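Q: sequence and computational prediction follow.
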Amino acid sequence: MLSVIPLICTIVLAKNMAKATDCNPPIDGCSTCTGTGDGQTCTGCTAGDQKVQPNGKGCIAGCPPNSDDVGGICTCKSTHKPSDNGQTCVPKTDCNPPIDGCSTCTGTGDGQTCTGCTAGDQKVQPNGKGCIAGCPPNSDDVGGICTCKSTHKPSDNGQTCVPSNTNKSSGLSTGAIAGIAVAAVIVVGGLVGFLCWWFLCRGKA
């Protein structure tokens, strides 16, 4: 009879522990959950001073920047989303692959350019490959996108505008100049030779 008592205690303890969380399977640090399977998310933490992390897959000491504490659940602001590890909030972007600082993009692959910045006070830099604090000289702010003036083009780093080399050089190449010089020498030499022959012949006559 006495041997049955430990078994009963174990069963009761297991039931009480099961009631402490409705997460199935359990999520570390979570006391209550909603949803099922992989879609299950935490709604409460076993430690009363902790908060449900942004992706709902665990608990953290406090809500990260760019999130709000909504009833103990860290919720990313509308401009942000949970990070890969789910514990912080990162800017939303439809850029694929992502472009640092950009929230929206157009184009694909290497031809993709930024059309909007995650930070509202920033501008898309002239080459469209990132965001900067403000448009540089010799550019215009066109709907938040820095566009170089017609006489300028994006610099190598894409953040400033430099003069465009649109005027083709009218100078002759070194080879052309050398060819003209040789031709001139031949012509002058021939002319001098002809004049010498002419005057010598006339002198003999």
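A: Arrived safely, thanks for sending. Numbers count the residues shown, from 1 in each chain.

Q: per the record, what domains does this protein have?
A: 21-90, 102-163 (automatic domain parsing).

Q: any chance of those domains in TSV, with mean neighbour count too?
A: Any C-beta I mention is one placed from the backbone N, CA and C, and that applies to glycine too. Supplementary listing: the domains of the chain in TSV, determined by neighbours: other CB atoms under 10 Å:
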stretch	mean neighbour count
domain 21-90	16
domain 102-163	16
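
Q: let's have these in a markdown table, adding distance to residue 189.
A: Shown next, in a markdown table, are the domains of the chain (distance: least, CB to CB, whole Å):
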| stretch | distance to residue 189 |
| --- | --- |
| domain 21-90 | 78 |
| domain 102-163 | 45 |
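
Q: residue 175: which of those is closest?
A: Proximity to residue 175 (CB to CB) singles out domain 102-163 among the domains of the chain, at 27.9 Å.

Q: tell me which helix or strand of the chain sits lowest on mean pLDDT?
A: helix 4-20 (a mean of 45; mean pLDDT, DSSP states H and E).

Q: that one: what's the following helix or strand?
A: strand 30-34 (DSSP states H and E).

Q: and the residue lying closest to residue 57 once chain neighbours are set aside, how far from residue 71?
A: Spatial nearest neighbour of residue 57, excluding adjacent residues (CB to CB, 6 or more residues apart in numbering): residue 86 at 5.2 Å. Distance of residue 86 to residue 71, given as CB to CB, to the nearest Å: 18 Å.
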